[in-house]
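Q: Make a model of this:
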Amino acid sequence: EKALKEEGIQEAIMEVYSPSRVNGMADTLGLVPGMSLDLTVEDPDDGMPWDFNSVEKRKKAMDMVLGKRALLLIGSPMCKSFSQLQNWNFKRMDPKKRDAMIKEGKDHLKFTMMLYKIQAESGMYFLHEHPLTARSWAEGCVKEVMGMPGVQRVHGDMCAFGMYQDTEEGRKLVMKPTGFMTNADKIAEALSNKCNRMHGHVKLLNGRARRAEVYPDELCHDIVHGMIEQ
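A: Down below sits the predicted model:
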């Protein structure tokens, strides 16, 4: 914490499009938790949620990143517009509603990539998470960030970090292949953790995909530990 303050950095971690996931673990490990900017979290300045459909909230978040507020910026923007599961639903949706959902998803993705670029160009670190098979990885804004010096994408399976769900047959692990994009080598190394194929998995159907958005503690621990090593 002292080293961060000497560099003018206010906090170790800031999360966008996410409630306090990794910050909760940072607090447990003795780091002062940073801000989590999410629709479920209120901005303490005005009591309003961090809704990035709002120009004011986007500008405020951008100013924070420009001000080098946090050493590590973690982003997990909405992925429903790009998921394989949502593809099946799009065929049954009203075209106008479908197109609006896709546009909204792309707008939020572009905004997140812009924050990463600012973060990296300031000599700081970022971590982006989306499902491994999401179509978002093929978007131009994501490819642009991927092409920046020192940026890499790794594959980690959530079951390797202990993600599980309770089912009628008992507790089962959730595989959920996930892509992690970062400019921090040690974080990438910590998250390159794949399934050992020694167990079965529960399928993310019937509302389970939504519940699988919660990060397991082991994943949060590895992110924080990787950041400290970095």
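Q: and residue 110, how far is that from residue 222?
A: Distance, residue 110 to residue 222, by C-beta to C-beta, to the nearest Å: 28 Å. For the C-beta atoms, the positions are set from N, CA and C on the backbone; glycine is no exception.
Q: ok, these two, which is more surrounded?
A: Per other C-beta atoms under 10 Å, whichever of residue 110 and residue 222 has more neighbours is residue 222, with 21 against 15.
Q: Scan the helices and strands of the protein for the one with the lowest mean pLDDT.
A: helix 208-211 (a mean of 51; mean pLDDT, DSSP states H and E).
Q: quick one: low-confidence ranges for this protein?
A: 1-2, 5-6, 80-91, 204-213 (pLDDT under 70).
Q: re the thing from before, and the next helix or strand after the least confident helix or strand of the chain, what does it pack against?
A: Using DSSP states H and E, the helix or strand that directly follows helix 208-211 along the chain is helix 217-229. Under the contact criterion of 3 or more C-beta pairs under 8 Å, 6 or more residues apart in numbering; DSSP states H and E, helix 217-229 touches strand 11-16, helix 22-28, strand 70-75, helix 185-191.
Q: one more time with 7 Å, if that's ok
A: On a contact count with 3 or more C-beta pairs under 7 Å, 6 or more residues apart in numbering; DSSP states H and E, helix 217-229 meets helix 22-28, helix 185-191.
Q: could you give the angle of that helix to strand 70-75?
A: 140 degrees (axes from the mean of the first three to the mean of the last three C-alpha atoms, to 10 degrees).
Q: Please point out which parts of helix 217-229 sit buried.
A: Within helix 217-229, the residues scored as buried using 16 or more other C-beta atoms under 10 Å are 219, 220, 221, 222, 223, 224, 226, 227.
Q: Tell me which two of those sit farthest apart.
A: Using C-beta to C-beta, those reach their maximum pairwise distance at 219 and 227, which is 12.9 Å.
Q: Okay, the closest residue to residue 187 other than its chain neighbours and residue 32: tell me how far apart.
A: In space, and not counting its chain neighbours, residue 187 is closest to residue 226: 3.7 Å by C-beta to C-beta, 6 or more residues apart in numbering. Distance, residue 226 to residue 32, by C-beta to C-beta: 18 Å.
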